[in-house]
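A.B. asks: kindly generate the corresponding structure for this input.
(2 chains)
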Amino acid sequence: EDKVVQSPLSLVVHEGDTVTLNCSYEVTNFRSLLWYKQEKKAPTFLFMLTSSGIEKKSGRLSSILDKKELFSILNITATQTGDSAIYLCAVDRASGSRLTFGEGTQLTVNP
Amino acid sequence: DGGITQSPKYLFRKEGQNVTLSCEQNLNHDAMYWYRQDPGQGLRLIYYSQIVNDFQKGDIAEGYSVSREKKESFPLTVTSAQKNPTAFYLCASCDRGLRTGELFFGEGSRLTVL
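C.D. replies: Prediction:
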């Protein structure tokens, strides 16, 4: 059975702080790992990672995958209150028919 | 605009009643999914469909049923057999085989069983 574990489950920081969110996984025939941001209702796509060691970056957010150690991190620098959300990690198998999600990390950024 | 529409957004039902949640997409995606989200938990897969007239059980299918008679539509019925139906339900779709790796989500339906 595929498994995705995220940590921490919740995190409270002040604006301007840098945060690192973790995602470890066990999946048969791994194909990709995905990060989503869920602010209120619909999760929105952030990154898809397929290769080890290659950083994906979008503004203040970046993510990297380690396929040997089976984990990924999502970094957010200079956090803003608008970064407050649940961050979801998911993995996809080579068959590509479904995603398995972790529990999510609830990030709260206080002014 | 292309997207996924879920309805209703909020739904209250008494115990023992079946309810059907609607999900419609105009993205021309082959694959559609239903997830359930409980407080403090991630998304758990209920059912998914990769093509019209075909669907598969996810990890928590018991007490739920679906149909896929049209490409655009993937309704979910929460039956009275579902023991704890109060939850937030999300519908999603993607290009077949998750080639782009991106699921597109609807705004969700919050079901409360009284």
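A.B. asks: please count neighbours and contacts with C-alpha atoms only from this point.
C.D. replies: Will do.
A.B. asks: list the residues that contact B:Ser93.
C.D. replies: Shown in contact with B:Ser93 (CA atoms under 8 Å, 6 or more residues apart in numbering or on different chains): B:4, B:25, B:29-33, B:103-105.
A.B. asks: where does chain B get nearest to chain A, which residue?
C.D. replies: Taking CA to the nearest CA, chain A has its nearest neighbour within chain B at B:Gly42, 3.7 Å off.
A.B. asks: can you tell me the helix or strand for the closest residue to that residue other than its chain neighbours?
C.D. replies: Among residues not flanking B:Gly42 along the chain, A:Glu103 sits closest, at 3.7 Å (CA to CA, 6 or more residues apart in numbering or on different chains). A:Glu103 belongs to no helix or strand when assigned by DSSP states H and E.
A.B. asks: I'd like to know which elements the helix or strand of chain A with the lowest mean pLDDT is packed against.
C.D. replies: Taking mean pLDDT, DSSP states H and E as the measure, the helix or strand of chain A with the lowest value is strand A:99-101, at a mean of 90. Secondary-structure packing of strand A:99-101 (3 or more CA pairs under 8 Å, 6 or more residues apart in numbering or on different chains; DSSP states H and E): strand A:3-7, strand A:85-93, strand B:43-51.
A.B. asks: C-terminal to that strand, what's the next element?
C.D. replies: Downstream of strand A:99-101, the next assigned helix or strand under DSSP H and E is strand A:105-110.
A.B. asks: the closest residue to chain B within chain A: what's it in contact with?
C.D. replies: Distance from chain B to each residue of chain A (CA to the nearest CA) is smallest for A:Glu103, at 3.7 Å. Counting by CA under 8 Å, 6+ apart, A:Glu103 makes contact with A:4-6, A:9, A:88, B:40-43.
A.B. asks: only whichever of those residues are buried, select them in PyMOL.
C.D. replies: To isolate the buried members of the contacts of A:Glu103 in PyMOL, using 16 or more other CA atoms under 10 Å in any protein chain shown:
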select buried, (chain A and resi 4+5+6+9+88) or (chain B and resi 41+42+43)
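A.B. asks: just put the contacts of A:Glu103 in a markdown table and tack on pLDDT.
C.D. replies: Converted to a markdown table, the contacts of A:Glu103 look like this (pLDDT from 0 to 100):
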| residue | pLDDT |
| --- | --- |
| A:Val4 | 95 |
| A:Val5 | 96 |
| A:Gln6 | 97 |
| A:Leu9 | 95 |
| A:Leu88 | 96 |
| B:Gly40 | 75 |
| B:Gln41 | 79 |
| B:Gly42 | 87 |
| B:Leu43 | 93 |
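A.B. asks: what is the nearest of the contacts of A:Glu103 to A:Lys67?
C.D. replies: Nearest to A:Lys67 among those is A:Val4, at 13.6 Å by CA to CA.
A.B. asks: right, I'll call it a day here.
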